[in-house]
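# Need the 3D shape of this:
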Amino acid sequence: MRFLSLFRKTLVLTVLLLPFTACFKNDMPYPYVHGTIDAMEVEGAVGCEIDPVRNTVTLEMDEVQDLSKVRIRSVRFGEEQTWAETAIEGVHDLREPLYVVLGTYGDQRYRWKIEAKQSIERVFSVSSQIGHTFFDEENRRILLTVSKSVSLTYLVVDQVKLGPREITSYSVDLTTVHNFSEPVKVNVRYHDVDQEWVIHVGVSDKNVMVNRVSPRTRCAWVDASGLAGQANGVKYRKKGEEEWTDVPDASGAGSFTVRLPDLEAETEYEYFVYSGEEETDVDGFVTQDAPQLPNPGFEAITPAGSYFEWYDAGAAAPEDRQAWWGSGNGSAVMGIPGSADMGYVISVPDAEDKAEGSRSARLESKWAVVKFAAGNIFSGYFGGLVGTKGGKVNYGRPFTHRPDTLVCKLKYVNGPINRIDTWPKDHPIQLGDPDIAQVYVALGTWDHKKYGGTKDCPVQVNTTDMTTKFNPRSEAVIAYGECTFDKPTADIAPGEMEQVTTPVLDAGGAVLPGWVEVRIPLVYSDDFTVPTHIIVSFASSYFGDYFSGYDQSRLWVDDVRLIY
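Take a look at the predicted model:
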């Protein structure tokens, strides 16, 4: 009977609980956690670049590593709640990219690409060679040129390395081959690779030649080929003068590049290349002019509703004048709404606080009810709002010159970050960190079809999609320079920052409080490619694209100049 009594009580309790458990619903949303990879330990890797924006891991592998058998020892995720749908640790064939899916809370999934890149240093040279050896990786050809004074039936091979060090074998001992009058074939073997390479040796009718010349405004670059071990170099002069200026090459290599300095703009010069006793014919080039950016002092402004736009005042007819500088305010001239149409203006002309002329541009970071916005001004135009979450910005203006330095006058007032939405994974921030102002300049050959913009403004950044964020290391960038400030410019002591000169004086010689002159050198990764566009950008809050910063930061900009 006792058992029956307990059974009845349990049954009643179960019945009483069922309606409550059956009707319970969890309406709490899952927290947003981006599934990321923070670190990876891989056998044979000499470098690892993790891009949390594009969800990619790029492994730089040692040349002796077999890409078909790459062991990933360990992986560290960005958050404890992150997991992988398939095992990442273990041995993988990375001759093709490995794709993995990371999960966090609920149904949040993030696809990552893990790829391996491997560069094999290949070396091949012979005596009396002119210039450098060209390795055609796709067609497995080796191309080189020798002096006309030697015979192709008896050449001495100086250096051979056509595969990874220490593990490569050859079907032919090339150090014993002397006859290159016909192409020479050799099989290169390592791991499970067996490649046939063909060596082609040509004869030049000259021992010295010019490969290419690239004149700028105040200098020129000359790429040439001569005989290795000879005295090689370039001599130049202004056309019409008697004396030549000698620029010798110090490398001792057969292929060399020299810089011709101290040239005058828009001037014709003569030059020739020499190698030992042999010289090329005299040739010439004309240096470029030294243009400045339109509206460098932000003097030319067009009223546009509740705010202003800065335009290129170079056009003769007012109706032909177009805005050259853009801002997040929007563009009433182009009919594109921006922050100003939502009730807050973040970039304004300032006639009271300026370094020269009648006004400066004042960039203001603000909190507008539900969103943070950073003051900005840039070469390009605002491309439109993306709901209430962000906007599209088209960067770049046509430009085919190559200056050395961007110079501008700035004044900055900041404070501790008090508004945080998100932040870049490689640069976490927290409340109380100092806000940062950023200035950068870039020259490049961006194709608008690839970078999402227009022919005139080729790079489009969508602030709601960080995969579109401007990348100063992209293949299209040929020169870049940047400067940041994490404290008010009034607090920068003389000599504290290499790029900053202080104080700045007004026309009467009086010190302008808080103003500094900033000099940003452009670092070129390519000395011969001519740019198609220039990007110049100023922002009062570095993390403005992530809607984070100090909501009272102010950056004044004036007197922007290019130094050639």
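
# confidence score at Ser74?
According to the prediction, Ser74 has pLDDT 95.

# now do Tyr30
According to the prediction, Tyr30 has pLDDT 64.

# what's the domain layout of this structure?
The record's domain split for the chain, according to automatic domain parsing, is 37-118, 123-203, 209-286, 347-563.

# any idea how far the first one is from the chain center?
So that's domain 37-118. Between the centre of domain 37-118 and the centre of its host chain there is 23 Å, according to C-alpha atoms, centre = their mean, to the nearest Å.

# re earlier: which one of the domains of the chain lies nearest to Asn295?
domain 347-563 (8.8 Å; C-beta to C-beta). Where C-beta positions appear, they are placed from N, C-alpha and C, glycine not excepted.

# I'd like the distance from that closest one to the chain centre, please.
For domain 347-563, the gap between its own C-alpha mean and the chain's C-alpha mean amounts to 15 Å (C-alpha atoms, centre = their mean).

# and what of stretch 33-48?
Relative to its chain's centre, stretch 33-48 lies at 21 Å (C-alpha atoms, centre = their mean).

# hmm, back to that, go through the domains of the chain and pick out the most buried.
Highest mean neighbour count among these (mean count of other C-beta atoms under 10 Å): domain 347-563, with a mean of 19.

# My guess is Thr463 contacts Val393. True?
Yes: taking C-beta atoms under 8 Å as the definition, Thr463 is a contact partner of Val393 at 7.2 Å.

# Let's have the domains of the chain in JSON lines, adding distance to Trp310.
Formatted as JSON lines, the entries for the domains of the chain read as follows, by distance: least, C-beta to C-beta, whole Å:
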{"stretch": "domain 37-118", "distance to Trp310": "30"}
{"stretch": "domain 123-203", "distance to Trp310": "47"}
{"stretch": "domain 209-286", "distance to Trp310": "25"}
{"stretch": "domain 347-563", "distance to Trp310": "7"}
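
# Please name whichever of the ones you listed is nearest to Gln292.
Comparing the domains of the chain by C-beta to C-beta, domain 347-563 comes nearest, at 5.8 Å.

# and the closest one, how far apart are its ends?
26 Å (C-alpha to C-alpha, to the nearest Å).

# Quick check: which ranges of the stretch 451-564 of the chain have low pLDDT?
Within the stretch 451-564 of the chain, the set of residues satisfying pLDDT under 70 comprises 466.

# ok, 80 please
Low-confidence segments of the stretch 451-564 of the chain (pLDDT under 80): 463-467.

# And the residue nearest the centre of this structure?
Within the chain, one residue has its C-alpha closest to the average C-alpha position: by C-alpha atoms, centre = their mean, that is Pro472, at 1.7 Å.

# Report the contact partners of that one.
440, 442, 480, 482 (C-beta atoms under 8 Å, 6 or more residues apart in numbering).

# what two of these have the greatest distance between them?
By the measure C-beta to C-beta, Ala442 and Glu482 form the most distant pair in the contacts of Pro472, at 8.9 Å.

# coming back round to it: am I right that the residue nearest to the centre of the chain sits in a helix?
No: assignment of Pro472 by DSSP: H, G, I helix; E, B strand; the rest coil gives coil, placing it outside any helix.

# if I look at it, how far off is Val441?
10 Å (C-beta to C-beta, to the nearest Å).

# Quickly list what's touching both of these two.
480, 482.

# next helix or strand past the helix-or-strand element of the chain with minimal mean pLDDT?
Confidence across the helices and strands of the chain bottoms out at helix 2-23, with a mean of 34, counting by mean pLDDT, DSSP states H and E. Scanning forward in sequence from helix 2-23, with DSSP states H and E defining helices and strands, the next element found is strand 37-42.

# Against which helices or strands is that following strand packed?
Helices and strands touching strand 37-42, as assessed by 3 or more C-beta pairs under 8 Å, 6 or more residues apart in numbering; DSSP states H and E, comprise strand 45-51, strand 56-61, strand 70-77.

# now the strands for the stretch 51-200 of the chain?
Counting by DSSP state E, counting those that start in this stretch, the stretch 51-200 of the chain has these strands, from start to end: 56-61, 70-77, 83-84, 90-92, 98-103, 109-118, 123-126, 129-136, 141-146, 157-161, 169-170, 184-190, 193-203.

# Other residues contacting the second one?
Contact with strand 70-77 is made by 35-44, 59, 61, 83-84, 88-94, 102, 114, 116, as judged by C-beta under 8 Å, 6+ apart.

# make it 6 Å
When contacts are taken as C-beta atoms under 6 Å, 6 or more residues apart in numbering, the neighbours of strand 70-77 outside the stretch itself are 38-43, 88-89, 91-92, 94.

# just the longest one next, same as before
By C-beta under 6 Å, 6+ apart, the surrounding residues in contact with strand 193-203 are 140-145, 148, 180, 183-188.

# again with the fifth one
With contact meaning C-beta under 6 Å, 6+ apart, strand 98-103 is reached by 35, 82-85, 88, 92, 109-114.

# how about 8 Å then?
With C-beta under 8 Å, 6+ apart as the contact definition, strand 98-103 has outside contacts at 35-37, 77, 82-86, 88, 92, 109-115.

# about what we covered before: the contacts of strand 70-77: which two are farthest apart?
Counting by C-beta to C-beta, the most remote pair of the contacts of strand 70-77 is Asp38 and Val91, 22.0 Å apart.

# Tell me where this structure has helices.
2-23, 448-451 (DSSP state H).

# mind listing the strands in the stretch 451-564 of the chain by residue range?
Under the criterion DSSP E, counting those that start in this stretch, strands of the stretch 451-564 of the chain are mapped to 459-462, 477-485, 500-501, 515-521, 523-524, 533-539, 554-563.

# Let's have the ones you listed in CSV, adding distance to Thr153.
Conversion of the strands of the stretch 451-564 of the chain to CSV gives the following (distance: least, C-beta to C-beta, whole Å):
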stretch, distance to Thr153
strand 459-462, 55
strand 477-485, 44
strand 500-501, 64
strand 515-521, 52
strand 523-524, 44
strand 533-539, 52
strand 554-563, 55
